[in-house]
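Visitor: Generate a structure from the sequence data that follows.
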Amino acid sequence: MSRAAWHARIECGGAVSGAGFLVAPRTVLTCAHVVQEREWAPLTVSFPNRRDLGGLTATVAVHGGWAGGWTDPGDLAVLELDREVPLRPARFAPPGAEQGGTHLVAYGFPAGFDEGVQARYRAVSRTLIADEWLQLEAASAHGQPLAGGFSGAALALPDDRVVGMVAQASDEAGVRIGRMLPTEVMARYWYDLGALVPAPEADTPAATGRLHTLVRRAEEAGLDCRPDQLYRDAVGPFAPDPPADGFASLRAAAAYVQWQVDDPEAVERFADRLRALLEPRPPAAARTAGWAPIVVELERSGEGQEQVTVRVSAYREGQRRPVAVERLPRGDVRAYVQQRVDDAFGHLAQDAEALLTFVLPREWLNEPVAHWECGPEDSTPLGLAHPLVVTDRSRHRSARLRHQLAGKWRTLERSPGRTVLHRVDCGSTEHPLGLRKRLRDEDAALAGFGAPPATAPEHFEASVNMPVPVLLWPRTGCAGTDHAGPCPGSAFLDALSPYVAGVPPTELPRRIWHLREEAAALDPGGHWARDVQLLWDDPHCYPEPPASLHTPVA
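Guide: Residues are numbered from 1 along each chain as shown. Below you'll find the predicted structure:
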């Protein structure tokens, strides 16, 4: 018995009109022009390698929109059989597998060969003709040429995996060329095909099947989402640009990710983001003190120190919603963030309290983001307009530290009033490993520094690499080297300690927000808290796994 019994013969009104191939127990694909007379002629499908099945009545379930001309797009038809057939359907190869001179075999039914005959061809290149067809040329000057009766035949690799369908053949004497519809083009006209075709480099269709299931769920639910932004957030700034006029639908964006993006993880990331918009809030996300985070992630791009990738997202009911992603010069970051943070508020519930979170590279943690203005027409600093925190990018993405921090927050929730400031005075002679041990032994939840991170980088690194959820320091002030006179760092810690003592850690962003307001109102130039920076890191507040936030480039 043939292992490829899925090859089909199509008859209209009792005459052979072309070929097709089985892709599901009741579903056959062929060309639209093969069944163009379906309105008045009965349509019959048979399988030459399983004659015992006889002829099966079929109807056209999906038509690709082919208008009748040989240069018209959409020459695809999906046939539904009157019953299921006990055959293994065709398997598909990833897009591009037809390249490299590989011989492709088509099983067609030209005149005089009702039982079928095979022809060997190969793809000329990966370049589409009119964005629709790949050109074929005969594998040799001999053998069976493509002719009438091959239209709709699958083009298969030597291992029988399908890469496309014969659509046209040259009728010029001595010219042995043709055209094929590759699978990614066929899926434009029948979306369900995408669930059967693996993405490039994927070993199984599981990832694409999951993606298409989620797309159908989103359509059934009437999900309001922006396909262009969903695409950009999933693939990052270095993937192919979307079409100039954007994606017409969520389906179009999903298909583009599946077949036009080389990154093998892009399909999973797109599906993860779509799932985040569809699925209900996870239980762990309830422990967020009512915060609705707006997250701004900054990281250097691969193009140099002055290029920055900015990613903005918002959380609603515990689910992350992509807002924007862009690669731009560092000097343009502030204006871009102002605009996109404003956009992010449109994703929050009406009664939600926003928490602005800047996820920064470690060497940028002292950036004055709390002093950035809200916008060109509103000079209010972001840190006065809303609770604002920073967090370390590497820690935000470390599965080990996320696990440890989640455990620390569970402990804090059981005794929320025991917050104590663990001091790291400027000029401290304590060894960094000694500080690490002290913070662990004392089960520290809150550490305060008397000077900015760059003044004592080893002490700061020891603290940020520990599961200490909250760190505070003054952005400016004591240099940490000469303490002959009054030390502003010690004064900062002396004033801060009673201000945060006993405050539940979940309330600290709101507490520091009020402190910033107080400093600006009472003494904007000299208040001890005028430049306070708060690193606050509760994994419950950002329930999406950190791995899914990664940009696909280093």
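
Visitor: V62: which element?
Guide: Element membership of V62, judged by DSSP states H and E, is strand 56-63.

Visitor: Find the residue at the geometric middle of this protein.
Guide: The centroid of the chain falls nearest to A234 when counting by Cα atoms, centre = their mean (2.2 Å).

Visitor: Tell me which residues are up against the helix or strand harbouring it.
Guide: Here A234, judged by DSSP H and E, is contained in helix 227-235. Under the contact criterion Cβ atoms under 8 Å, 6 or more residues apart in numbering, helix 227-235 has outside partners 242, 246-247, 249-250, 252-253, 256-257, 261, 263, 266, 269-270, 272-274, 311, 313, 322-325, 552. C-beta here means a position set from N, CA and C on the backbone, and glycine is covered the same way.

Visitor: Quick one: buried ones out of the residues you listed?
Guide: Neighbour counting by 16 or more other Cβ atoms under 10 Å classes 242, 247, 250, 252-253, 256-257, 261, 263, 266, 269-270, 272-274, 311, 313, 322-325, 552 among the contacts of helix 227-235 as buried.

Visitor: Just the residues you listed: which are in strands?
Guide: Among the buried ones among the contacts of helix 227-235, the residues falling in strands (DSSP state E) are R311, S313, P322, V323, A324, V325.

Visitor: The fourth one is in contact with D342, isn't it?
Guide: No. Under the criterion of Cβ atoms under 8 Å, V323 is not in contact with D342, lying 9.9 Å apart.

Visitor: Direction included, what does the strand holding V62 pair up with?
Guide: Strand pairing for strand 56-63, determined by DSSP bridges: strand 43-46 (antiparallel), strand 77-81 (antiparallel).

Visitor: Just give me how far the shortest one sits from the chain centre.
Guide: What that stands for is strand 43-46. Remark: strand 43-46 is offset 42 Å from the chain centroid, using Cα atoms, centre = their mean, to the nearest Å.

Visitor: ok, now stretch 331-340?
Guide: Counting by Cα atoms, centre = their mean, stretch 331-340 comes out at 23 Å from the chain centroid.

Visitor: Which parts of it count as buried, going by neighbours?
Guide: Here stretch 331-340 shows V333, Y336, V337, Q338, R340 as buried, counting by 16+ other Cβ under 10 Å.

Visitor: for those residues, which one is nearest D523?
Guide: Q338 (26.7 Å; Cβ to Cβ).

Visitor: List the contacts of the closest one.
Guide: So Q338 contacts W372, E373, C374, G375, P376 (Cβ under 8 Å, 6+ apart).

Visitor: how about the strands in the stretch 251-400 of the chain?
Guide: Using DSSP state E, counting those that start in this stretch, the strands of the stretch 251-400 of the chain run over 291-300, 307-316, 319-329, 353-360, 373-375, 378-381, 388-392.

Visitor: Any chance you could list what contacts the first one?
Guide: For strand 291-300, the surrounding residues in contact (Cβ under 8 Å, 6+ apart) are 307-316, 320, 333, 337, 340-341, 344-345, 348-349, 352-361, 364, 369, 387, 393, 506, 509, 541-542, 549, 551.

Visitor: Pull out the buried residues from the residues you listed.
Guide: 308-316, 320, 333, 337, 340-341, 344, 348, 352, 354-360, 364, 369, 387, 393, 506, 509, 541-542, 549, 551.

Visitor: just to revisit the earlier point, hmm, which of the ones in strands among the buried ones among the contacts of helix 227-235 is lowest in pLDDT?
Guide: Among those, P322 carries the lowest pLDDT, at 85.

Visitor: what about the closest residue to that residue other than its chain neighbours, how many neighbours?
Guide: With Cβ to Cβ, 6 or more residues apart in numbering as the criterion, P322 has its nearest non-adjacent residue at 3.4 Å, and that residue is D233. Burial of D233 is recorded as 22 neighbouring residues (other Cβ atoms under 10 Å).

Visitor: Repeat that for D52.
Guide: 6.

Visitor: Wasn't it part of a helix?
Guide: Yes. According to DSSP: H, G, I helix; E, B strand; the rest coil, D52 belongs to a helix.

Visitor: Which parts of this structure belong to which domain?
Guide: 7-189, 200-279, 415-541 (automatic domain parsing).

Visitor: Would you mind checking the average pLDDT for the longest one?
Guide: Domain 7-189 comes out with an average pLDDT of 89.

Visitor: Can you give the distance of stretch 505-518 from its chain's centre?
Guide: Using Cα atoms, centre = their mean, the offset of stretch 505-518 from its chain centre is 34 Å.

Visitor: And the contacts of it?
Guide: The contact list for stretch 505-518, computed with Cβ under 8 Å, 6+ apart, reads 287-289, 291, 355, 370, 381, 383-384, 386-389, 409, 412-413, 416, 419, 445-446, 469-470, 472, 499-500, 503, 527, 529, 532, 534, 536, 538.

Visitor: per-residue confidence for the residue nearest to P322?
Guide: Taking D233 on its own, its pLDDT is 73.

Visitor: got it, and S379?
Guide: 93.

Visitor: now do the one 10 residues further on
Guide: Looking at V389, its pLDDT reads 97.

Visitor: Report the spatially closest residue to it, excluding sequence-adjacent ones.
Guide: W536 (3.9 Å).

Visitor: Test my guess that that neighbour contacts R395.
Guide: No. Taking contacts as Cβ under 8 Å, W536 lies outside contact range of R395: 11.7 Å.

Visitor: of the two, who's got more company?
Guide: W536 (23 against 20).

Visitor: follow-up on the earlier one: turn the strands of the stretch 251-400 of the chain into a markdown table, columns for distance to G74.
Guide: Shown next, in a markdown table, are these (distance: least, Cβ to Cβ, whole Å):
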| stretch | distance to G74 |
| --- | --- |
| strand 291-300 | 41 |
| strand 307-316 | 37 |
| strand 319-329 | 32 |
| strand 353-360 | 45 |
| strand 373-375 | 46 |
| strand 378-381 | 50 |
| strand 388-392 | 50 |
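
Visitor: between these, which gets nearest to D75?
Guide: Comparing the strands of the stretch 251-400 of the chain by Cβ to Cβ, strand 319-329 comes nearest, at 36.1 Å.

Visitor: Include distance to S301 when you put the domains of the chain into CSV, please.
Guide: Putting these into CSV (distance: least, Cβ to Cβ, whole Å) gives the following:
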stretch, distance to S301
domain 7-189, 27
domain 200-279, 7
domain 415-541, 23
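
Visitor: Which among these is found nearest to Q404?
Guide: Nearest of the domains of the chain (Cβ to Cβ): domain 415-541, 3.7 Å.
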